[in-house]
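> Any chance you can model this:
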Amino acid sequence: MRRRSGLGVVAQPQFLLHPSMILELFSVVLASLLLHLAIASSNAPSKTICAPARCGDLTISYPFSLGGVQSFEYGLPSFNLTCDPDGRAYLSRTFRDHLYRVQEIFYYNNSLVVAMDTAFSGGDERCPVPDFNISSSLSLFPLIISGKNKEITFVCNCEVPPTMKLPQTCANRSIGAYFSEDTEARRATTNCSSVSVPVRAFQEKRQARDYVPMISDGFLLEWPALEDCDACMRRGGKCRFVQLSIQCLCDGQPCPTSRRNGKQRVSLGCSYF
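Alright, predicted model coming up:
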């Protein structure tokens, strides 16, 4: 190294990197870049969380979500389901655990089949007659009992007509049953306490006294069409419930062609808990 006197420029030493050092430096830079990409991808919305889930034979997708498997925002809050160890799905937000078992979901026409699993009148497990009104128990859900169902009415706390009296008692009470469209039976039981249970229409060939398999087969429910979600899915997007709004997402981000940047405010009154 040489120095020049006075205010001359001091010559800087020059170093040449050995090829092995260049390769090592390149490896460090590459590793740093890969780490950065890994962190970025971990912060991105997970497609796995939003993927359809399985519970037994059911495929769970929007507007339903499966608790503990899919994120809360995947579906509407009232449509959250739980899956038991035996692969049976239940509506989560009911006043009794495992009350309504979801047997089938028909996404193409917005309907599902549910059956009561733990409703026994007066705690008598030999008698699967509900001690509550089905329509009232579902009133907080955005669900409609389909008009395609038939309805069985159970009566008690009265002199039950012999023609509709069931052979077994429920909680030591005489019980009668008839299909609700039977106007004569309805007139004969005006002084009775009653509760009605929907059953699927193909059960009409059975007698009301054969209610056990009919209740086990469940009944049909429908949910109203979410027009913005239908339009979203036609565009290839996915509906999600984010920050109290329905959003149309494409690859985890609001779809660029979505109205209001992909957000639609929805009412969160009693219908959605």
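> the helices in the stretch 1-150 of the chain, which residues?
19-43, 134-137 (DSSP state H, counting those that start in this stretch).
> mean pLDDT lowest for which of those helices?
The stretch with the lowest average pLDDT out of the helices of the stretch 1-150 of the chain is helix 19-43, scoring a mean of 45.
> can you pull the buried residues of stretch 68-75?
Using 16 or more other Cβ atoms under 10 Å as the test for burial, stretch 68-75 gives 69-70, 73-75. The C-beta positions use only the backbone N, C-alpha and C, and glycine is treated the same way.
> After the helix or strand Leu220 falls within, which helix or strand is next? Please name it.
Following DSSP states H and E, one finds Leu220 within strand 219-222. Downstream of strand 219-222, the first helix or strand assigned by DSSP H and E is helix 227-234.
> Would you mind extracting the C-alpha trace of that following helix into PDB?
Output of helix 227-234 as PDB, limited to C-alpha atoms (Å, rounded to 0.1, in the frame of the first residue of the first chain):
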ATOM      1  CA  GLU A 227     -77.800 -14.000  -4.400                       C
ATOM      2  CA  ASP A 228     -74.500 -12.200  -4.100                       C
ATOM      3  CA  CYS A 229     -72.800 -15.400  -3.100                       C
ATOM      4  CA  ASP A 230     -74.300 -17.200  -6.100                       C
ATOM      5  CA  ALA A 231     -73.000 -14.500  -8.400                       C
ATOM      6  CA  CYS A 232     -69.600 -14.700  -6.600                       C
ATOM      7  CA  MET A 233     -69.300 -18.500  -7.200                       C
ATOM      8  CA  ARG A 234     -70.300 -18.100 -10.800                       C
END
